[in-house]
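A.B. asks: Next comes the sequence, and after it the predicted model I'd like to discuss.
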Amino acid sequence: MKRTSLSLALTACLALSSWTAMAAGGHAHTPKFGGMVVETKAAELEIVAKPDAIQIYLSDHGKAVKPDGAKARVTLLNGTEKSEVELVPAGDKLEAKGNFKVGKGTKGIAVLMLAGKPPATARFEVK
């Protein structure tokens, strides 16, 4: 009896996780570039925040989206310090190069502007 109950519970969990993945579009939100993945209505953003560059890679249902014509603004928050940076298309991503105060615990807000879509906002924290 215990084996049957355990088997049924395991089957239900697997079915639920499969259904949840399908409801979310059937794709994983795993980072490909070492950043943090945040889903917005406009696109999925992988935000890579490093001391020398802030990058945003765009995808839609797991497929890369070219950032042509896109812009983004990222606000970095470190305690009471706040800094803003504008990102522009650079190849397959949006990017800003410079000297940024980024480390474990840095919080951020990215605002993405894609042609023909309302602005999308994504919050993140560097782990």
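C.D. replies: Here it is on my side, so go on.
A.B. asks: Please give me every residue in contact with the closest residue in space to T106 that isn't next to it in sequence.
C.D. replies: Counting by C-beta to C-beta, 6 or more residues apart in numbering, T106 lies nearest to V126, which is 4.3 Å off, once chain neighbours are set aside. Just so you know, the C-beta spots here come from the backbone N, C-alpha and C atoms, and that holds for glycine as well. The neighbourhood of V126, defined by C-beta atoms under 8 Å, 6 or more residues apart in numbering, consists of 36, 49, 102-108.
A.B. asks: Farthest-apart pair in those residues, please.
C.D. replies: Taking C-beta to C-beta as the measure, these span a maximum distance of 14.0 Å, between M36 and G103.
A.B. asks: Kindly state the domain boundaries assigned to this structure.
C.D. replies: Listed domain ranges for the chain are 1-28, 31-125 (source: automatic domain parsing).
A.B. asks: Any chance of the ones you listed in JSON lines with mean neighbour count and mean pLDDT as columns?
C.D. replies: Formatted as JSON lines, the domains of the chain follow (neighbours: other C-beta atoms under 10 Å; pLDDT from 0 to 100):
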{"stretch": "domain 1-28", "mean neighbour count": "10", "mean pLDDT": "41"}
{"stretch": "domain 31-125", "mean neighbour count": "16", "mean pLDDT": "95"}
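A.B. asks: Packing partners of the longest strand seen in the chain?
C.D. replies: Determined from DSSP state E, the single longest strand within the chain is strand 81-90. Packing contacts for strand 81-90, counted by 3 or more C-beta pairs under 8 Å, 6 or more residues apart in numbering; DSSP states H and E, involve strand 53-60, strand 71-78, strand 93-97.
A.B. asks: Of all these, which one is nearest L45?
C.D. replies: Closest to L45 of these, according to C-beta to C-beta: strand 53-60, at 5.3 Å.
A.B. asks: Can you name the element that comes right after the closest one?
C.D. replies: Downstream of strand 53-60, the next assigned helix or strand under DSSP states H and E is strand 63-65.
A.B. asks: partners of that following strand in the sheet?
C.D. replies: Paired with strand 63-65 in the same sheet, following DSSP bridges, are strand 53-60 (antiparallel).
A.B. asks: so how far is the strand it pairs with off the chain centroid?
C.D. replies: Relative to its chain's centre, strand 53-60 lies at 8 Å (C-alpha atoms, centre = their mean, to the nearest Å).
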